[in-house]
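Visitor: My questions are about this predicted structure, shown below with the sequence.
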Amino acid sequence: MKCPACFNELTPLQVGSVTVDVCQGGCGGIWFDAFELQRIEQEDDTATQWLTNVERDPQIQLDPHRKRECPRCAGVKLMRHFHSPKRRVEVDECPGCGGFWLDAGELARIRAEFEAQRQLAQGQQPYLTSRVIRYLYQVSLDKEDES
């Protein structure tokens with residue numbers, strides 16, 4: 001199966017009870033078949049931690065405005081929409097098979113927003129988890145590389 005963002009071959013990866021397809025060594029994106037993203041969100045944090053740090057090639061530059069095709073459904077374009085409580089993270093979803101494509105870093109941002117939302121709902125003050133700190137650090141490195 002080909003990556004919808006950079007066209008590299010996707011690698012199947014068993015994460016807990018779910019097998020996802022990652023663009024390892026390419027753009028670092030992740031393909032979730034229908035309902036896999038929801039199942040990943042329910043998995044143990046240690047089982048899914050690796051998905052927030054998929055190995056990627058820093059030389060690959062993606063056009064965020066280019067329409068992408070579903071890697072499962074021939075000729076079907078993915079639709080962009082928000083998939084986080086604060087509506088800050090857009091993901092690509094296939095209207096045909098219900099699969100999701102997440103670009104590198106999107107899963108970590110979604111998880112950070114859901115964690116902050118959960119803490120607010122419990123009346124706790126949101127704090128920076130080690131996962132959020134690692135993500136923010138990686139984003140700052142990526143921005144330096146782009147400059």
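Guide: Okay, I see it.

Visitor: Tell me the buried residues in stretch 100-115?
Guide: 100-113, 115 (16 or more other CB atoms under 10 Å). The way it works is simple: take the backbone N, C-alpha and C, and place the C-beta from them, glycine included.

Visitor: Filter the residues you listed down to the ones in helices?
Guide: Among those, the residues falling in helices (DSSP state H) are 106-113, 115.

Visitor: which of the residues you listed lies closest to T11?
Guide: L107 (15.9 Å; CB to CB).

Visitor: ok, the closest one touching Q49?
Guide: No - using CB atoms under 8 Å, L107 makes no contact with Q49, being 10.4 Å away.

Visitor: Beyond the lowest-mean-pLDDT helix or strand in the chain, next helix or strand please.
Guide: In the chain, no helix or strand scores lower on mean pLDDT, DSSP states H and E than helix 45-48, which sits at a mean of 64. Downstream of helix 45-48, the first helix or strand assigned by DSSP states H and E is strand 79-82.

Visitor: Which neighbouring elements make contact with that following strand?
Guide: strand 90-93 (3 or more CB pairs under 8 Å, 6 or more residues apart in numbering; DSSP states H and E).

Visitor: what lines up beside the strand it packs on in the sheet?
Guide: With DSSP bridges as the test, strand 90-93 is paired with strand 79-82 (antiparallel), strand 100-102 (antiparallel).

Visitor: Tell me which of those lies nearest to D57.
Guide: Among these, strand 100-102 comes nearest to D57, with 17.0 Å by CB to CB.

Visitor: what comes into contact with the closest one?
Guide: Contact with strand 100-102 is made by 4-5, 29-32, 36-37, 68, 71, 78, 83, 91-94, 110, as judged by CB atoms under 8 Å, 6 or more residues apart in numbering.
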